[in-house]
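Trainee: Predicted model follows, preceded by the sequence.
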Number of protein chains: 4
Amino acid sequence: MDYIYKQQIKVRDYEVDSQGIVNNANYLHYLEITRHDFCEQAGTSFRAMQEKGLDPVVRKIEIEYLASLTLGETMLSCLRMERKGARFIFVQDIFNATNGTHIVHAVVTVVCLEEGRLSRGDLLASAFSQYL
Amino acid sequence: MDYIYKQQIKVRDYEVDSQGIVNNANYLHYLEITRHDFCEQAGTSFRAMQEKGLDPVVRKIEIEYLASLTLGETMLSCLRMERKGARFIFVQDIFNATNGTHIVHAVVTVVCLEEGRLSRGDLLASAFSQYL
Amino acid sequence: MDYIYKQQIKVRDYEVDSQGIVNNANYLHYLEITRHDFCEQAGTSFRAMQEKGLDPVVRKIEIEYLASLTLGETMLSCLRMERKGARFIFVQDIFNATNGTHIVHAVVTVVCLEEGRLSRGDLLASAFSQYL
Amino acid sequence: MDYIYKQQIKVRDYEVDSQGIVNNANYLHYLEITRHDFCEQAGTSFRAMQEKGLDPVVRKIEIEYLASLTLGETMLSCLRMERKGARFIFVQDIFNATNGTHIVHAVVTVVCLEEGRLSRGDLLASAFSQYL
């Protein structure tokens, strides 16, 4: 896989539930953190986009839970993206940073609202032009 | 749709993020609450299952975000389920309780570990026999 | 104690951490839910206040953890309030709804910003006049 | 102040609520992360303690919110500790990492359960002997 962005994230103890593993909702947080930090690296930011009236919203998430993470573990969160018309598709994988176990595979579909209406995404595409 | 369980859940103000809408990860919490409360209605509980060495785990979630919820709103969270071999499929829909707007459609695949190993799910199936 | 507002809140399974008890941060959520629902009962709401340029912010919280809550339990969350100049003091107690065990005692100090500056709180006080 | 542990933590976008600032409950998470990461630096961990039947629990938190953090900001979270009999007192301060603004001042009281009963804390004290 040719990921365009990778980052390590350490599990926070409060994210581990009574089953002793990271609760499944927290992975959506990890995926969001990774997309947003990628945006910053790409020279923009969530906040900057909002200030321009540009509002990227998640339309769909498909997430497979392949293995689990627990207390004290660190993940490697990886991302690549492609554009399909007005939709931006983020393919995101999370691995155990220590042993490489594949934890989560997700496909996240984002569309971009401009002034509250669905846009063709050209502004977002230009921000990410070097990655598309 | 013939849902087998419905419940109302009110948005908590802290679940609304800086975009002014419920953050997408919180919907996984709402879906989990609904499955767990359904289990209780079905005469079992998450805790009771864990005590028997039965560990239902989410294997896959497909979630579509069709519209958003915000401060002060209440949702109607609806569920139906079916069994496909070792997998239990929960089809879950969330509507705005006031105006009926369809907010989220999700398909959640759960498998059941028994003593740490993937089971055929017969114990879980017997708990849910009246719904399958 | 003469509480002016009481409500039941059920523990959500994901709020229970790997120690098997509700993580301490979640109690701040319960306290906030109780204050906000009390506001609604008092005829106003967090959202309505924000729309008027009124921004109640928490200045200080003192919280004692006396006992714990776990999976499947329901709490009774109780509130009374008083005004001390520009400060509104919420005294909040959480009890196990089943057996009455005192779980949490908290004193929450709220001040009110108007258009971004600390106000004397007269607008907020008038909203709560029947309780002060 | 002579802090014994400092770390940077970046605000996650989902931690910012509809008021545009980090929701007050999240600071309890930041404080916990800092205590737990300090424990790791001190050669132990939350998980290791739990495995020994040692269960540090928060008994009391006093937290003052002096200023706020928002999207894209990074904090410097600082800690010092002292022992008062069976109680361990963590004094924790959070500053804006960029401009030094004092965001939060907190005093967190922790006691240590051993096999479910309140202990004198000697095991925990020995783990932290170099800091007390």
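Mentor: Looks like it arrived, so ask away.
Trainee: List the neighbours of the helix or strand bottoming out on mean pLDDT in chain A that are in contact with it.
Mentor: Ranked by mean pLDDT, DSSP states H and E, the helix or strand of chain A with the weakest confidence is helix A:46-51, at a mean of 78. Defining contact as Cβ atoms under 8 Å, 6 or more residues apart in numbering or on different chains, one finds that helix A:46-51 is touched by A:36, A:39, A:55, A:56, A:124, A:127, B:18, B:19, D:13, D:71, D:72. In short, each C-beta sits where N, CA and C put it, glycine included.
Trainee: Can you turn the buried part of those into a ChimeraX selection?
Mentor: Listed next is the ChimeraX selection for buried residues among the contacts of helix A:46-51, using 16 or more other Cβ atoms under 10 Å in any protein chain shown:
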select /A:36,39,55,56,124,127 /B:18,19 /D:13,71,72
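Trainee: Among the contacts of helix A:46-51, which one lies nearest to chain C?
Mentor: Nearest to chain C, judged by Cβ to the nearest Cβ, of the contacts of helix A:46-51 is residue B:18 at 12.9 Å.
Trainee: Please tell me I have it right and that closest one contacts residue D:12.
Mentor: No - Residue B:18 is beyond contact range of residue D:12, at 11.2 Å (criterion: Cβ atoms under 8 Å).
Trainee: sorry, back to before: list the ones among the contacts of helix A:46-51 that fall in strands.
Mentor: A:55, A:56 (DSSP state E).
Trainee: can you name the two of the contacts of helix A:46-51 that are farthest apart?
Mentor: A:127 and B:18 (19.2 Å; Cβ to Cβ).
Trainee: May I have the phi/psi pair for residue A:62?
Mentor: phi -110, psi 120 (degrees, to the nearest 10).
Trainee: so it bridges to which residues?
Mentor: Per DSSP bridges, the residues bridged to residue A:62 are residue A:107, residue B:62.
Trainee: residues touching it, list them.
Mentor: Counting by Cβ under 8 Å, 6+ apart, residue A:62 has contacts A:106, A:107, B:60, B:61, B:62, B:63.
Trainee: What is the neighbour count of the third one?
Mentor: Residue B:60 has 17 neighbouring residues, counting by other Cβ atoms under 10 Å in any protein chain shown.
Trainee: contacting residues around the residue of chain A most remote from its centre?
Mentor: The C-alpha centroid of chain A is most remote from residue A:18, which lies 25.5 Å away (Cα atoms, centre = their mean). Counting by Cβ under 8 Å, 6+ apart, residue A:18 makes contact with B:50, C:13, C:16, C:17, C:18, C:20, C:70, C:71.
Trainee: Now do the same for the fifth one: its pLDDT.
Mentor: At residue C:18 the predicted local distance difference test score is 88.
Trainee: Relative to residue D:55, how far out is it?
Mentor: 11 Å (Cβ to Cβ, to the nearest Å).
Trainee: Ok, residue A:105 next?
Mentor: The value you get for residue A:105 to residue D:55, if Cβ to Cβ is used, is 36 Å.
Trainee: quick one: buried residues of the longest helix that chain A contains?
Mentor: Looking across chain A with DSSP state H, the single longest helix is helix A:24-41. Across helix A:24-41, burial judged by 16+ other Cβ under 10 Å covers A:24-39.
Trainee: That one close to chain B?
Mentor: Yes - judged by Cβ under 8 Å from any Cβ of the partner chain, helix A:24-41 comes into contact with chain B at A:24, A:25, A:26, A:28, A:29, A:32.
Trainee: I'd like those residues laid out as TSV, including distance to chain D and pLDDT.
Mentor: Shown next, in TSV, are the residues of helix A:24-41 next to chain B (distance: Cβ to the nearest Cβ, whole Å; pLDDT from 0 to 100):
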residue	distance to chain D	pLDDT
A:24	15	96
A:25	11	97
A:26	10	98
A:28	9	98
A:29	6	98
A:32	6	97
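Trainee: contacting residues for residue A:116?
Mentor: Counted by Cβ under 8 Å, 6+ apart, residue A:116 has contacts residue A:55.
Trainee: same thing but 7 Å
Mentor: Under the criterion of Cβ atoms under 7 Å, 6 or more residues apart in numbering or on different chains, residue A:116 has no neighbours.
Trainee: State the phi and psi torsions of it.
Mentor: Per degrees, to the nearest 10, the backbone of residue A:116 is at phi 90, psi -10.
Trainee: and the gap between it and chain D?
Mentor: Plainly put, residue A:116 is 17 Å away from chain D if you go by Cβ to the nearest Cβ, to the nearest Å.
Trainee: How much space separates that residue from residue B:94?
Mentor: Counting by Cβ to Cβ, the gap from residue A:116 to residue B:94 is 22 Å.
Trainee: Residue A:7 now?
Mentor: 31 Å.
Trainee: the more surrounded of these two?
Mentor: Using other Cβ under 10 Å, the more surrounded residue of residue A:7 and residue B:94 is residue B:94, with 27 against 15.
Trainee: any idea which helix or strand carries that one?
Mentor: strand B:87-96 (DSSP states H and E).
Trainee: Mind listing what's buried along that strand?
Mentor: Neighbour-count burial for strand B:87-96 [16+ other Cβ under 10 Å]: B:88, B:90, B:92, B:93, B:94, B:95, B:96.
Trainee: now swap in stretch A:120-128 and tell me
Mentor: Within stretch A:120-128, the residues that count as buried by 16+ other Cβ under 10 Å are A:121, A:123, A:124, A:125, A:127, A:128.
Trainee: so what's the first one scoring on pLDDT?
Mentor: If you check residue A:121, the pLDDT there is 86.
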